[in-house]
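Asker: Give the three-dimensional model of this entry:
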Amino acid sequence: MSRPSSTFGDFRCAHCGAFVTSAHFFSGVNNRNHCPYCLWSVHLDLFAAGDRLSACKAPMKPVGLTTKRTRNKYAPDGGGELMLVHECTDCRSFSINRIAADDLADAILEVYHESLDCRQSLDGDEIAILQEEEQQKVYSQLFGRGVHIRA
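Answerer: Modelled structure (predicted):
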């Protein structure tokens, strides 16, 4: 069974200059718009992931982590999938993006740790940034359930 191809092709990261492939085989996502190395994105989508209708097209900085709201009864601790939160450097809007399979775990952790000093909720409380007490959830989702962080 073949997966749908990306609606946005390979690109060069506007922030760090790295070449980024949009191939589903590497990323595990269908609508790649962020760099797996620095995690910066571009403001492409307006209403839904992959619509590519935004006129802004400005760089989007990774500013934190959140979890996807889910009704999955099998989701651990009622928490959903770990997601990146991006803020547009021009229009200041926020978006959430799936973490891709090839995103660097160290870069994700850096965003998480830097976000601990930031606002707890964004965009009218629609996006809740993960806080320090949720650190085990972050590590478990990145490295597996058996991983425990040391204090």
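Asker: which intervals of the chain have sub-threshold pLDDT?
Answerer: 1-8, 70-79, 118-125, 146-151 (pLDDT under 70).
Asker: which helix in it runs the most residues?
Answerer: Using DSSP state H to define each element, the chain has its longest helix at helix 105-115.
Asker: so how far is that one off the chain centroid?
Answerer: 11 Å (Cα atoms, centre = their mean, to the nearest Å).
Asker: Flag every buried residue along it.
Answerer: Ala107, Ile108, Leu109, Val111, Tyr112, Ser115 (16 or more other Cβ atoms under 10 Å). All C-beta atoms are positioned from the backbone trio N, CA, C, and that covers glycine.
Asker: Where do the helices of the chain begin and end?
Answerer: 24-27, 105-115, 135-143.
Asker: Next, the angle helix 135-143 makes with the longest one.
Answerer: Helix 105-115 runs at 160 degrees relative to helix 135-143, counting by axes from the mean of the first three to the mean of the last three Cα atoms, to 10 degrees.
Asker: Please name every helix or strand in contact with helix 105-115.
Answerer: Packing contacts for helix 105-115, counted by 3 or more Cβ pairs under 8 Å, 6 or more residues apart in numbering; DSSP states H and E, involve strand 59-67, strand 82-88, helix 135-143.
Asker: Pull the residues that contact that helix.
Answerer: 36-39, 62-65, 82, 84-85, 99, 129-130, 135, 138, 142-143 (Cβ atoms under 8 Å, 6 or more residues apart in numbering).
Asker: let's see it at 6 Å
Answerer: Residues from elsewhere that reach helix 105-115, judged by Cβ atoms under 6 Å, 6 or more residues apart in numbering: Leu39, Pro62, Gly64, Leu65, Ile129, Val138, Leu142.
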